[in-house]
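Asker: need a structure here:
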Amino acid sequence: MKNLVYIIILLLFGCQNSKENGDTNLTNEDEVEEAKIVDVCAGMDLQLEVTYHRSELMEQLAKQDFLDPINKLPLKEKLIQLLKRKDEVIYLSLSNMKLRELPKEVFEFKNLVAIDISGNNFINKEKLIEDLAKIPKLKILDFIWADLKKLPENIELLESLEVLSLASNNITFLSEDIGKLTKLKLLGLSNNKKLKDLPESIKNLKCLQLLNVAGTGLTRLREEISENTELVIINANASKIETIPENIGDLTKLVTLNIAANKIKTVPTSIGNLRNLQSLSLASNEISGLPQSISDLKNLQFISLEFNRFKTFPNAVLGLDNCYNLWIHNNVFPTIPSEVGKMKSLTHLLVDHEVITNENIEAIKAVNPELRVIREDTRKYVKGGPKRKN
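Answerer: This next block holds a predicted model:
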C-alpha cells in the first residue's frame, strides 16, 4: 500500500508542462490562450510520455491493485482493514465484488482519489453517481465490464473527474452530457461495439489528452475532435471508421495516432501539420494514396501502411527523415524504389513476403547495407482470407 501511495502522489499531483508536446514558437495571443488551458487543466499527470501509447499512471494503479494482498480479502474484511488507516487510503478497488450499490464505508475515505467499481451491476446508476459525487477528491473512475448501456443522466455531478474509463460495456449512445466533464484528461470507451458515434459536445473536453475508442462501432472520428487540442494519444483502431477530421492537423500535440483496421479511404492533407507525431498506424484500411504533406512529419518514427490498396509505392514517405520503422507489406505494388535506402534514420523495412523480388531487396540493400529488410505477411493467421487488396 505504501508503494501505491507513493505512486499516486508522484504521478497524480504534477501539472504537465503544456508546451512539452506543443509549438514553443508561440505568439503573445497564443501564450495567453495556452496559459488559460494550463490553469483549467492543472491536476494529475497521466505520465503519457513513458510510452506514448497508454497512461503509465493507470498501468501502475492496475499493477499495484493486482499485487496488493489486501485485495484478495473478502469485501467486508477488506473494508475493515482499510478503515483502520482510512486517512491514508487514496485508491480503492471494489471490482468484481457483486455489488448492487456502493458500500456506505466508502464515504469514510475522505482522501480517496481513485476508485475501481468495474465488473459490478449496480441497480440504480443515477443513485450510484450521486454517491460517487459525495467523494470530495475523486479524480479517477474505472467503470468497465458493468453492462452499462448509456451514461447516467446526472453524470455531470462528477465534474471533477480527470479519468473516466467505460471500456467493455454495452454503451450504444453517448449523450451530450459527457461534454460537461470538462476536466477529463482520459476518456476510455474501447470495446463498446455498439457505440456508433461520439456526441458533438466532445469538443468541450479541452483538457483531453488520451482518447481510446478502439474496438467500437464508430463510423467516423467526428470533425469536432480537431478542437480537442490537448490530445496526445488517439487509439481508434479496430472500429468501423470511414472518415477522420479534415482539420486533424489542428491537434499539434498529438504524438500517437492509431486508426488501423478501419474503413478509411483518404487521409486529409492537414495531417502534415502534426509536427509532434511519432507513431502513425494506418494499416488495414482502404487507402490507395497519401497526401504529399506526409513528408512534413519530421518527428515521425513509425508508420504502418500494410494491407491497404496502394497500387504504387507511396513516395511521400521518402521524406520522413526520422522514421526508423516502415511497414508496407501486404500491398499489391510490385516494386519499392531503391531510394528507400536513403531514408536517414530507417532501420527496419517490412515488405511483402511474395510480391517484392530478391533483386528489388538487393537494390535497396546496396544503398544501405545496414537496413533490415524483412519479408512479412500480416495475414498469415487469417485462414482463407485475401493476402492483399486489389
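Asker: so where's the stretch 1-150 of the chain uncertain?
Answerer: 1-39 (pLDDT under 70).
Asker: which residues of it fall in strands?
Answerer: 91-93, 114-116, 140-142 (DSSP state E, counting those that start in this stretch).
Asker: Would you format those strands as a markdown table with mean neighbour count and distance to I287 included?
Answerer: No exception for glycine: its C-beta is placed from N, CA and C like everyone else's. Output for the strands of the stretch 1-150 of the chain, formatted as a markdown table (neighbours: other C-beta atoms under 10 Å; distance: least, C-beta to C-beta, whole Å):
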| stretch | mean neighbour count | distance to I287 |
| --- | --- | --- |
| strand 91-93 | 22 | 42 |
| strand 114-116 | 23 | 39 |
| strand 140-142 | 23 | 35 |
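Asker: Would you format those strands as CSV with distance to S175 included?
Answerer: Formatted as CSV, the strands of the stretch 1-150 of the chain follow (distance: least, C-beta to C-beta, whole Å):
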stretch, distance to S175
strand 91-93, 27
strand 114-116, 22
strand 140-142, 17
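Asker: quick one, which of those is nearest to M44?
Answerer: Nearest to M44, of all the strands of the stretch 1-150 of the chain, is strand 140-142, at 7.9 Å by C-beta to C-beta.
Asker: Name the residues that touch that closest one?
Answerer: Contact with strand 140-142 is made by 44, 61, 91, 95, 113-118, 132, 158, 161-165, as judged by C-beta atoms under 8 Å, 6 or more residues apart in numbering.
Asker: quick one, which of the strands of the stretch 1-150 of the chain is nearest to T378?
Answerer: The nearest among the strands of the stretch 1-150 of the chain, by C-beta to C-beta, is strand 140-142 at 32.5 Å.
Asker: Can you list the strands that the helix or strand following that closest one pairs with?
Answerer: Downstream of strand 140-142, the next assigned helix or strand under DSSP states H and E is strand 163-165. Looking at strand 163-165 with DSSP bridges, its partner strands are strand 140-142 (parallel), strand 186-188 (parallel).
Asker: I'd like these as JSON lines, with distance to Q209 appended.
Answerer: Shown next, in JSON lines, are the strands paired with strand 163-165 (distance: least, C-beta to C-beta, whole Å):
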{"stretch": "strand 140-142", "distance to Q209": "14"}
{"stretch": "strand 186-188", "distance to Q209": "7"}
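Asker: E108 and G385, how far apart?
Answerer: In this view, E108 and G385 are 56 Å apart by C-beta to C-beta, to the nearest Å.
Asker: Of these two, which one has the most company?
Answerer: E108 (14 against 7; other C-beta atoms under 10 Å).
Asker: quick one: contacts for the more buried one?
Answerer: E108 touches L83, K86, counting by C-beta under 8 Å, 6+ apart.
Asker: 6 Å instead, please
Answerer: With contact taken as C-beta atoms under 6 Å, 6 or more residues apart in numbering, E108 is in contact with K86.
Asker: Tell me the secondary structure at L280.
Answerer: strand (DSSP: H, G, I helix; E, B strand; the rest coil).
Asker: if I look at the closest residue in space to N273 that isn't next to it in sequence, how far off is L75?
Answerer: Closest residue to N273 apart from its sequence neighbours, by C-beta to C-beta, 6 or more residues apart in numbering: G249 at 3.1 Å. Distance from G249 to L75, counting by C-beta to C-beta: 49 Å.
Asker: Repeat that for E108.
Answerer: According to C-beta to C-beta, E108 stands 15 Å off from L75.
Asker: Next: E359.
Answerer: 67 Å.
Asker: And these two? Which one has more around it.
Answerer: L75 (13 against 9).
Asker: Compute the number of surrounding residues for the residue lying closest to that one once chain neighbours are set aside.
Answerer: Closest residue to L75 apart from its sequence neighbours, by C-beta to C-beta, 6+ apart: M97 at 5.0 Å. Using other C-beta under 10 Å, the number of residues around M97 comes to 15.
Asker: gap between M97 and L79?
Answerer: In terms of C-beta to C-beta, M97 sits 10 Å off from L79.
Asker: Over to E130?
Answerer: Taken as C-beta to C-beta, the span from E130 to L79 is 20 Å.
Asker: what about these two, which has more around it?
Answerer: L79 (20 against 15).
Asker: End to end on stretch 116-135, go ahead and measure it.
Answerer: 13 Å (C-alpha to C-alpha, to the nearest Å).
Asker: can you pull the buried residues of it?
Answerer: Neighbour-count burial for stretch 116-135, with 16 or more other C-beta atoms under 10 Å as criterion, is recorded at 116-120, 122, 125, 128-129, 131-133, 135.
Asker: what's the farthest-apart pair in those residues?
Answerer: G119 and A133 (21.5 Å).
Asker: Find the helix or strand that I303 is a member of.
Answerer: Counting by DSSP H and E, I303 is part of strand 302-304.
Asker: So in that sheet, which strands flank the helix or strand just after that strand, and in what orientation?
Answerer: Scanning forward in sequence from strand 302-304 by DSSP H and E, the next helix or strand is strand 325-327. In the sheet, strand 325-327 lines up against strand 302-304 (parallel), strand 348-352 (parallel) (DSSP bridges).
Asker: What mean pLDDT does strand 325-327 get?
Answerer: Mean pLDDT, strand 325-327: 98.
Asker: got it, and stretch 255-271?
Answerer: If you average the pLDDT over stretch 255-271, you get 98.
Asker: do stretch 365-375 as well
Answerer: 98.
Asker: Between the two ends of that stretch, what distance do you get?
Answerer: One end of stretch 365-375 sits 14 Å from the other (C-alpha to C-alpha).
Asker: same question, stretch 80-93
Answerer: Stretch 80-93 end-to-end distance (C-alpha to C-alpha) = 14 Å.
Asker: contacting residues around that stretch?
Answerer: Contacts of stretch 80-93 (C-beta under 6 Å, 6+ apart): 4, 8, 65, 70-71, 108-109, 111-116.
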